[in-house]
Structure formats: C-alpha cells, structure tokens
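Peer 1: From the sequence below, what's the structure:
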Amino acid sequence: MTRKLLLFALMLPCAVFADSTSYPLDAVPNPLKAAAAKGEAALKALQQKLLTRVLDRMKDGGPSAAVAVCRDEAAQLTAEAAKEAGVAEGRTSNRLRNPRNAAPAWVQGPLAAAAGKTASAVRPVVFDLGDRVGVLLPIPVRPTCLACHGPPDALSPDVKQTLAKAYPQDQATGYAEGDFRGFMWAEAKK
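Peer 2: Prediction:
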C-alpha cells in the first residue's frame, strides 16, 4: 500500500464527520434545540414501545419469544414510530445481531469510539448534520437483556437455538450488565 493510500485510509473516518458538529444532549445550541428535542422524544417513545413489547413476550413465552419480537416486529414498530414522530430512527451496534441495523455513516465514528465501554461512560450526543439534526442515545445492557445478550455459556439452550436459527451471523452476545450495547439514533429536520 502506498503512503498516500494508507494516509487516505486512516483519514477516512474523520472525513465522514468533517461537515458535522456534535454537542452533548444537555448543551445543544438554541438553533438545534427543537429538532434535538423532537429526535430525543421519538427515541424515548420507540424505546418504550420496544421494551414493553419485549417484556410482554418474555412474560408470556420466555426469552425465545422475545427474540421473535426483535426478529419479526421491531422493524415495523420502528417504522411506525418514526412515521408518527416525523423523523428517521433506528437502533445499531458495533456487534450486530441483525445486519439490517447497520449504522448510518454519521453514527459510525461515535459507535466505534464507544465500543467496549460501559453505557454510563457514553453520553447522549447531538450532531448538526446540515439540514438535519442527529441524536444518539446509548443503549445500556440491563439485567433482562442478559437472557439473550449475555455470555454465550449462560444462555439457555432454547435461546441459543432460536438465535442460531434467526440470526446465523449473530455478534450480539457476551455482554454484561451495564455494558454499552449500541445506540438508538434519530434524524430530525431542522
């Protein structure tokens, strides 16, 4: 690899963010506040919908039933919530379970920077994306999450089988309580 090509490859992640500025969620400048608040509210509503649905299914059918919610219902629930709120939104991780949840370009740098940290060490952040405002909220691993995202040797045989069938390329196990699992992201127009 030539020096120029190597230098370009090393600078590429920085280039993705050259046109955006970020702020902690609690220090957003006035011109971005309305869009940031809209994005944050949309993410919190989506989080509540997904969490309620997963917990309901776990109560009725155990962790394997919760996997079915993520596999069969999460994308539709996300699309409905985004349409209701008038934003684009989703969930992503540096260790994907579902490849359809790959991070948008503006999320990739913060996602890589947060990998391996505890969720409490990752702060919500807002990005000025030009005509839009991006909002990132960290997803913490909670005790309930461990039934499907915990250490592989601690997962029940039923969950292991369900995950292997639903997500053959699954990378989303091996977490501990309090780990950073990924981001919920939203884009709201200014």
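Peer 1: Please make it C-alpha for all contacts and neighbour counts, starting now.
Peer 2: Noted.
Peer 1: Relative to Val122, how far out is Cys145?
Peer 2: Distance of Cys145 to Val122, computed by Cα to Cα, to the nearest Å: 18 Å.
Peer 1: And these two? Which one has more around it.
Peer 2: The residue with more neighbours, out of Cys145 and Val122, is Val122; 22 against 19, by other Cα atoms under 10 Å.
Peer 1: and the more buried one, what does it touch?
Peer 2: Counting by Cα atoms under 8 Å, 6 or more residues apart in numbering, Val122 touches 114, 138, 180.
Peer 1: excluding its backbone neighbours, what's nearest the first one?
Peer 2: I take that to be Ala114. Once flanking residues are discounted, Ala114 sits nearest to Val122: 6.4 Å by Cα to Cα, 6 or more residues apart in numbering.
Peer 1: any weak-confidence spans in the chain?
Peer 2: Along the chain, segments meeting pLDDT under 70 span 1-20.
Peer 1: give me that answer again for 90
Peer 2: 1-20, 68-71 (pLDDT under 90).
Peer 1: what about the longest helix in it?
Peer 2: The residue-count maximum for a helix in the chain (DSSP state H) belongs to helix 30-61.
Peer 1: I'd like the next helix or strand past it.
Peer 2: Toward the C-terminus, helix 30-61 is succeeded by helix 63-72 as the next helix or strand (DSSP states H and E).
Peer 1: could you give the angle of that following helix to helix 30-61?
Peer 2: 140 degrees (axes from the mean of the first three to the mean of the last three Cα atoms, to 10 degrees).
Peer 1: What are the contacting residues of helix 63-72?
Peer 2: 53-55, 57-58, 147-148, 158-159, 162-163, 166.
Peer 1: tell me the contacts of Thr173?
Peer 2: Contacts for Thr173 (Cα under 8 Å, 6+ apart) come out as 148-152.
Peer 1: now do 6 Å
Peer 2: 149-151 (Cα atoms under 6 Å, 6 or more residues apart in numbering).
Peer 1: Ok, Gly174 next?
Peer 2: Contact partners of Gly174, counting by Cα under 6 Å, 6+ apart, are 150-151.
Peer 1: what about 7 Å?
Peer 2: Residues in contact with Gly174 (Cα atoms under 7 Å, 6 or more residues apart in numbering) are 149-152.
Peer 1: Pick the one among these closest to Ala34.
Peer 2: Ala34 lies nearest to His149 out of the contacts of Gly174, by Cα to Cα, at 34.6 Å.
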